[in-house]
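Colleague: generate coordinates for the sequence data below:
(chains A and B)
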Amino acid sequence: MTMIEAKGVCLRFPNGTKALKDIDLFVKPGDMVYVTGPSGSGKTSLLKLFMGIEYPTSGSLKVLGQTMIQGQTAGIRRLRTIIGPVFQEFKLIDGRTVTENVMLGMRFLNLTQDQLMENAHHALQKVGLEHKAHSLVENLSWGESQRVAIARAVARKPVLILADEPTGNLDKANALNILELLTSFINDQTAVIITTHATHLIDAEKPCKVIRMDQGSLTWERLG
Amino acid sequence: MKTVFFKAGNAGYFLNEVKTMIRLNVFSTTLTILSTGLIFYILAMILSGWWVSSYVIKVVQGEAEINVYLNEGIVNSTPEVQLMMERINGIEGVRAVRLVNQEEAYQRMAEVLGKEAKVLEKFEENPFSAFVELKINLEAIDSVLDQLNQLVGVEHIRDNRDVLDRLRHIAGVLRLIGILVVVAVGISTLVIISHIIRLGIANNKEQINTLRLLGAPERFIALPFLLEGLVLTLGGGILAVALAAFSLNYLYAQLAGPLPFIPLPPREGLVAGMGIVVLSLSAVLGIVGSLLGLPSVKND
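Modeller: Take a look at the predicted model:
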C-alpha cells in the first residue's frame, strides 16, 4: 500500500501565490523521507496538504488511502487519528502536564485508560522525559517541549509521522538526537516524513529519501 | 483506529478540563457565578411570591362563604328560618348551611374588634342581626347568588367575592411578573453563558485547533465547554437558592409575629420546591446557553 500518492499536486493560495507546483511523490511503508529546502520553499505547505490543513488546488493526493479534497471532513478527521504530527511550534497545551499533553492525542481513540497510561509512559520513556511526566509544559525548555511533541505524536502508534522542522532552534547535538529518535520509529508498517533546512544533519549512512524543494517545486536529491 | 466520543476514563479528563478552564479564568468565572446567581435570586423570590400568593388564594377560596340576611318577619320565626335554610341547602353549589344567631354575631364582631370591642357596649341593644352562613363551592358562586336573590324573604346577601377578586388580580399580576421574570432571566442567562462560552473558546483557540489537527471529534472538543457552562449556571443557581432560602427564612420569621393570620405555605416545602425549580432551570439554561455559544467552536 502506498502511504502517500501525490500526482501533479499544485497549491495556490487565495492571494494568488503558488506555494506548490506539480508535485509528484510516493511514500511507502518503511520510508524515511527528508524534505529539505530553504525557508519559503514549500516544505510546510507540503506537510499541511498531508495533514488536511490545506487542499490541492489541482492534481490528486491520497494519504493512507484518503483522497485529500475539501469537504471530506469525516474522512480527514479519521486520517488525522492515524497520523502522528509533530508541529514546528509544538502546539502543546499550557496549564497541563507533560503526561496530560501526551495523553490528549489518544483520549478520543478506542483505548482503555490502562492503554492510555501505558502508551504515554512508553512514549515519554522513549524520548527520555519520564522524569518530567508531571511537569507543566510551559516550564520545559525548547528541546524538552520538542520531545514532548514527539512523544504525543508517537504515543498513539501512528502509521505515518509528519514532523515539521523538528530540529529548528536546536543545537547540533540535540537536533541529531531528535532526528535519531524519529528515525527509530521506522519499521515496515510505518513511514516518517521530516522537513528540515539542516541537510548537514541527515545521516548519509542510513537508508532514506531526501527531496529538495525550491520555490514550490520538488527535485529528488537522493534515493536510498 | 476507531474513535469514540465518550468513555468512562475520559470523565476525569473532561472534569479536569473544566477545572483547568475555571482555574485559568477564576476572576471571570467568579463574576459569572455572582451575576447569574443574582439573576436566579430574583427569579427565586418572584417564584416564591407567586407560590405564596397562589397558596393564600387557595386557602381563602376554601373558606369562601356567603352570609344571607333574612327579612325581620322571617328571622324571628324559627319554623320559617328552618324552611329557608332547607331551601338554601338545596341550592346546587352550597356545601353547608348554618344559622348564626344575634349573640354569635355580636361575639364574632367583638373578636374582630379586639381591644376596640368596648365600643359595642355603647349600644343599648345588640345591633347585629342573625344571618345564615353558607359554605359554597367557589366555582358555583354566581349561580348560588342568582338563586339566593330569587328567594322570597332574603333581605341582603354579603359575599367575599370582592376580596377574592382582588386576591385573584394580585395573583394574576404576580403570575405575569413571574412569567416576565422567567423570560428575562432565561434570555439574560443564555446571553451571559453563551458569551462566556464564546470567550472561553476564543481563549482556547490554540487548544481547539490542536485537538482538531490530532483528529478529535467536534463533540469531544465541545464537551468541556458545555460542562463549563453547566458548572457556571449551576454555581449561580446554588448561590441563588442559598440566598433565597435565607431570605425566605427571614421573611417567615418577620411575618409570623405581626401577621399570624396570613395562611403561608409550609416553609420547608416552599424552599425545597423553589430550590428544585431554580436548580433545574439553571442546569437547562446552562446547557442551552453553552449550545448557543458552541457554534463558535465550529466557526473558529
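
Colleague: now A:D94. Its backbone dihedrals?
Modeller: A:D94 adopts backbone torsions of phi -60, psi 160, taken as degrees, to the nearest 10.

Colleague: then B:L190?
Modeller: The phi/psi pair for B:L190 (degrees, to the nearest 10) is phi -60, psi -40.

Colleague: centroid residue for the chain?
Modeller: Unless you meant another one, I'm taking chain A. A:L162 (1.5 Å; C-alpha atoms, centre = their mean).

Colleague: let me rephrase: I mean chain B.
Modeller: Geometric middle of chain B (C-alpha atoms, centre = their mean) lands on B:W51, at 2.4 Å.

Colleague: up against chain A, what does the stretch 151-300 of chain B have?
Modeller: By C-beta under 8 Å from any C-beta of the partner chain, the residues of the stretch 151-300 of chain B that approach chain A are B:E206, B:Q207, B:N209, B:T210, B:L211, B:R212, B:L213, B:L214, B:G215, B:A216, B:P217, B:F220. C-beta: built from backbone N, CA, C; applies to glycine.

Colleague: what is the nearest of those residues to chain A?
Modeller: Set against chain A, the nearest of these by C-beta to the nearest C-beta is B:G215 (3.2 Å).

Colleague: could you check how far B:L38 is from chain A?
Modeller: Here B:L38 is placed at a distance of 30 Å from chain A (C-beta to the nearest C-beta, to the nearest Å).

Colleague: next, count neighbours for that residue.
Modeller: B:L38 is flanked by 14 other residues according to other C-beta atoms under 10 Å in any protein chain shown.

Colleague: just to check, it is in contact with B:A240?
Modeller: Yes - contact criterion C-beta atoms under 8 Å: B:L38 and B:A240 qualify, at 7.4 Å.

Colleague: what about the strands in the stretch 101-250 of chain B?
Modeller: Along the stretch 101-250 of chain B, counting by DSSP state E, counting those that start in this stretch, strands occupy B:131-136, B:154-159.

Colleague: show me what the first one is packed against.
Modeller: Secondary structure elements in contact with strand B:131-136, counted by 3 or more C-beta pairs under 8 Å, 6 or more residues apart in numbering or on different chains; DSSP states H and E, are strand B:65-70, helix B:78-89, strand B:94-100.

Colleague: nearest to A:P56, of those?
Modeller: Closest of the helices and strands packed on strand B:131-136 to A:P56 is strand B:94-100, at 86.2 Å (criterion: C-beta to C-beta).

Colleague: what's the closest one packed up against?
Modeller: So strand B:94-100, by 3+ C-beta pairs under 8 Å, 6+ apart, packs with helix B:78-89, strand B:131-136.

Colleague: got the angle for the longest one vs strand B:94-100?
Modeller: Angle of helix B:78-89 versus strand B:94-100, following axes from the mean of the first three to the mean of the last three C-alpha atoms, to 10 degrees, is 160 degrees.

Colleague: just the C-alpha atoms of helix B:78-89, please, in PDB.
Modeller: Taking C-alpha atoms only, helix B:78-89 is exported to PDB below (Å, rounded to 0.1, in the frame of the first residue of the first chain):
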ATOM      1  CA  THR B  78     -88.000  29.500  63.900                       C
ATOM      2  CA  PRO B  79     -90.000  27.300  61.500                       C
ATOM      3  CA  GLU B  80     -89.700  29.800  58.700                       C
ATOM      4  CA  VAL B  81     -85.900  30.100  59.300                       C
ATOM      5  CA  GLN B  82     -85.700  26.300  59.200                       C
ATOM      6  CA  LEU B  83     -87.600  26.200  56.000                       C
ATOM      7  CA  MET B  84     -85.500  28.900  54.400                       C
ATOM      8  CA  MET B  85     -82.300  27.000  55.500                       C
ATOM      9  CA  GLU B  86     -83.600  23.900  53.900                       C
ATOM     10  CA  ARG B  87     -84.300  25.700  50.600                       C
ATOM     11  CA  ILE B  88     -80.900  27.300  50.700                       C
ATOM     12  CA  ASN B  89     -79.300  24.000  51.400                       C
END
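
Colleague: list the buried residues of that helix.
Modeller: B:V81, B:M84, B:M85, B:R87, B:I88 (16 or more other C-beta atoms under 10 Å in any protein chain shown).

Colleague: ok, now stretch B:37-51?
Modeller: B:37, B:39-41, B:43-51.

Colleague: now stretch A:173-192
Modeller: Result for stretch A:173-192 [16+ other C-beta under 10 Å]: buried residues A:174-175, A:177-179, A:181-183, A:185-186, A:190-192.

Colleague: so where's chain B uncertain?
Modeller: B:1-9, B:62-63, B:256-262, B:297-300 (pLDDT under 70).

Colleague: that one: helices as residue ranges?
Modeller: Remark: helices assigned in chain B by DSSP state H are B:8-24, B:26-62, B:72-75, B:78-89, B:102-113, B:141-150, B:161-203, B:205-213, B:218-256, B:267-293, B:295-299.

Colleague: quick one on the thing from earlier: which of the buried residues of stretch A:173-192 lies closest to chain B?
Modeller: For the buried residues of stretch A:173-192, the nearest to chain B is A:T190 (13.7 Å; C-beta to the nearest C-beta).

Colleague: for that closest one, give its distance to A:V137.
Modeller: Distance, A:T190 to A:V137, using C-beta to C-beta, to the nearest Å: 26 Å.

Colleague: can I get the helices of chain B in TSV with distance to B:N126?
Modeller: Shown next, in TSV, are the helices of chain B (distance: least, C-beta to C-beta, whole Å):
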stretch	distance to B:N126
helix B:8-24	74
helix B:26-62	29
helix B:72-75	13
helix B:78-89	17
helix B:102-113	5
helix B:141-150	25
helix B:161-203	26
helix B:205-213	86
helix B:218-256	35
helix B:267-293	42
helix B:295-299	79
